[in-house]
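Engineer: Build the 3D model from these lines:
(2 chains)
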Amino acid sequence: MTPPSPAVRVLLLALLAILVSALSLWYRLPEHASSFVLWQLRAPRVALGLLAGSQLALVGAAYQTLFRNPLAESSTLGTTAGAALGALLALSLGLEGVGSFAATSVFSFVGAVAASSLVLRVAASSRARLEEVLLAGIAVTLAASALAQAAQALTDPNRLFSASMWGLGQLPQVGFERVTYGLLPLLGATIVLLRHRRALSVMLLGEAWARSLGVPTSRVRLEVLLASCLSVSVVVALCGPIAFVGLIVPHVARPLVRGDATGLLTASALLGATFLTLSDLCARSILPDRELPVGVLTAALGAPLLLWIIVRRPRGPS
Amino acid sequence: MTAVAKLERATLGTRVMELDLVVDAGACVVFVGPNGAGKSTALQLLSGLVPPSAGQATLGGHAATKLSESERAGLVAWLPQRPNVEGLLTGAEVVALARFRHAERPAESLRLAAHFLEAVQAKHLASTRLDAMSGGEVQRVLLAALRAQAAPLLLVDEPANHLDPLAQVQTYRALGELWQKEQATLCLVTHDLRLCRLLGPPDRILVVGFAGGRIVWRFPLDGAELTQALADLYGVPFAPFSTPGGLGIAVDALEGGTS
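Structural biologist: Purely as a prediction, here's the structure:
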């Protein structure tokens, strides 16, 4: 039997996302539930799961390609932590009411760009040493967490509870308002990332060779990082920091597609949507009468995978 | 003849290079000289990828620094030496990606990749992953990628390094074919002039000697003066072109003999 063509695989992955969404919508829906539960509680939650999951996985795939490092993703390179710090500052300052989502997103984006540019500075100064980029990501994450705790300590206790619930990373909400706010910037980021799919593929041949083949590598890197920061910061502003989706999903997607970046980006986006929606379904039904924040579940899955990849990584000069 | 590339005096960092070099279309220029003499630096300047702080390289009549990435990639191609390529890519994917500047559909690139692999007798490597190939097989894929980019000036830095003797011969034959049949212009850095015989007619191969960041002489590969010039450049005797193993190190003539 010949393996299915790339287009068929993408279709199958899309079908899987639709199936999981339907499952998540109707799973254990009480018989007499009102349409409010279905269309104002569950549907927006599923939509946000699909949106956030696809973005986090897409950014993870882009980072892993750009940094040529299977451990790179927004939460290991400090982007998520920077975005979370920015968003938390906005929440602590009480920027609520009109434009609260916009304000949170802007703060979050500034935090993400600041954290990423710090990490990128290390990446640019030590080209060959991929581990150093990750260490810089960890350092930035730790610094951002410390600042976030300081911000929390100084926050009005009434706001503290909602801020700390947000900090766990979760999808529940009422209505589609937030989903629609996030849609436009996320669509923009996705277009930028997918537009560079071919350049990202060529960069898998190594930076120097890619340049000689005609890839404007500095511009591609800058645009991919800015789009990734935008995507991550909007997702963080919407649902809080959800870690490891961008690490787990590309690893599952990679064996399903060809070696270049096009397949990986597309498959990761589709699988990410499925993964976060499914994780959220588990998180809300795993305990009999309480919900677990989905961020806790993805972290519980992702941290062991991170360790496993580190242990399994081939040694020697890379 | 039209010049495809020109190098003049250039400063790179603190290093001043005295390079008065015009590469004509269809020429084959071989850079020789001890390590650190500036051969690879000259090649980098020609590639337009490393901008000099003073002076400039001219490619196809334009200042290299003024060219856009895709314009430059349309004028100069570079055969990387042991590139750090993602091992999951297959031979055909690598060659297809080398078509980047042509801005064609990926499926078209892949179709052409098969043709370029066939041209270097590497059709069987199309769906083999790079991390499963030998050094010689990787080299063939790189040579196919060089063809795929389809630029008139080819820059090649010690292409036979790290290869076994058969792969060395195959590499030089493939480069010779690009020069002879595809009318490419070739700039090559090497220490081993014996292999350059495989490129094509020796009287059309220009050997350029580098020392201390300067071009100190130029002779054709079969030129009578070349043997002595090489001996002076490297400090060891060389076998004359007309003898067996000509322009390799004359091991028998070394001081103290061979045993």
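Engineer: alpha carbons only for contacts and neighbour counts from here, please
Structural biologist: Fine.
Engineer: quick one: contacts of stretch A:12-30?
Structural biologist: A:L38, A:R42, A:A43, A:V46, A:A267, A:L270, A:L271, A:A273, A:T274, A:T277, A:L278, A:L281 (Cα atoms under 8 Å, 6 or more residues apart in numbering or on different chains).
Engineer: Name the helix or strand for the last one, please.
Structural biologist: A:L281 is part of helix A:261-285, with elements assigned from DSSP states H and E.
Engineer: For that helix, give the mean pLDDT please.
Structural biologist: Across helix A:261-285, the average pLDDT comes to 94.
Engineer: Beyond it, next helix or strand please.
Structural biologist: Taking DSSP H and E, what comes next after helix A:261-285 is helix A:294-312.
Engineer: Enumerate the residues of chain A near chain B.
Structural biologist: Residues of chain A lying close to chain B (Cα under 8 Å from any Cα of the partner chain) are A:68, A:198-199, A:201-202, A:204-206, A:209, A:211-216, A:258-260.
Engineer: now the angle between helix A:294-312 and the one helix or strand in chain A whose mean pLDDT sits lowest, please.
Structural biologist: None of the helices or strands of chain A scores lower by mean pLDDT, DSSP states H and E than helix A:157-166, at a mean of 78. With axes from the mean of the first three to the mean of the last three Cα atoms, to 10 degrees defining the directions, helix A:157-166 sits at 50 degrees from helix A:294-312.
Engineer: Which strands or helices does helix A:157-166 pack on?
Structural biologist: On a contact count with 3 or more Cα pairs under 8 Å, 6 or more residues apart in numbering or on different chains; DSSP states H and E, helix A:157-166 meets helix A:79-92.
Engineer: picking up where we left off before, if we take the contacts of stretch A:12-30, which one ends up nearest to B:G33?
Structural biologist: Closest approach between these and B:G33, by Cα to Cα: A:A267, at 50.4 Å.
Engineer: which phi and psi does residue 32 have?
Structural biologist: Because you didn't say which chain, this covers chain A. For A:H32, the backbone dihedrals (degrees, to the nearest 10) come out as phi -100, psi 20.
Engineer: Wait, chain B was what I had in mind.
Structural biologist: phi -130, psi 160.
Engineer: For chain B, which segments are assigned as strands?
Structural biologist: B:3-7, B:10-12, B:15-17, B:21-24, B:28-32, B:57-59, B:62-63, B:76-79, B:153-157, B:185-189, B:205-211, B:214-220 (DSSP state E).
Engineer: and the shortest one, what's its mean pLDDT?
Structural biologist: Put plainly, it is strand B:62-63. Mean predicted lDDT for strand B:62-63 stands at 88.
Engineer: Any part of it near chain A?
Structural biologist: No. Contact between strand B:62-63 and chain A is absent, the nearest approach being 16.0 Å (criterion: Cα under 8 Å from any Cα).
Engineer: Pairing partners for that strand, with directions?
Structural biologist: Applying DSSP bridges, strand B:62-63 is found paired with strand B:57-59 (antiparallel).
Engineer: Kindly report the same for the fourth one.
Structural biologist: For strand B:21-24, the paired strands and their directions (DSSP bridges) read strand B:3-7 (antiparallel).
Engineer: Need the pLDDT of A:A128.
Structural biologist: At A:A128, the model reports a pLDDT of 49.
Engineer: Low-confidence ranges, the stretch 101-250 of chain A, go.
Structural biologist: A:125-130 (pLDDT under 70).
Engineer: Tell me which stretches of it form helices.
Structural biologist: A:130-153, A:157-166, A:177-195, A:197-203, A:207-212, A:217-239, A:245-253 (DSSP state H, counting those that start in this stretch).
Engineer: Ok, chain B next?
Structural biologist: B:39-47, B:69-75, B:91-97, B:106-119, B:135-149, B:165-180, B:226-234 (DSSP state H).
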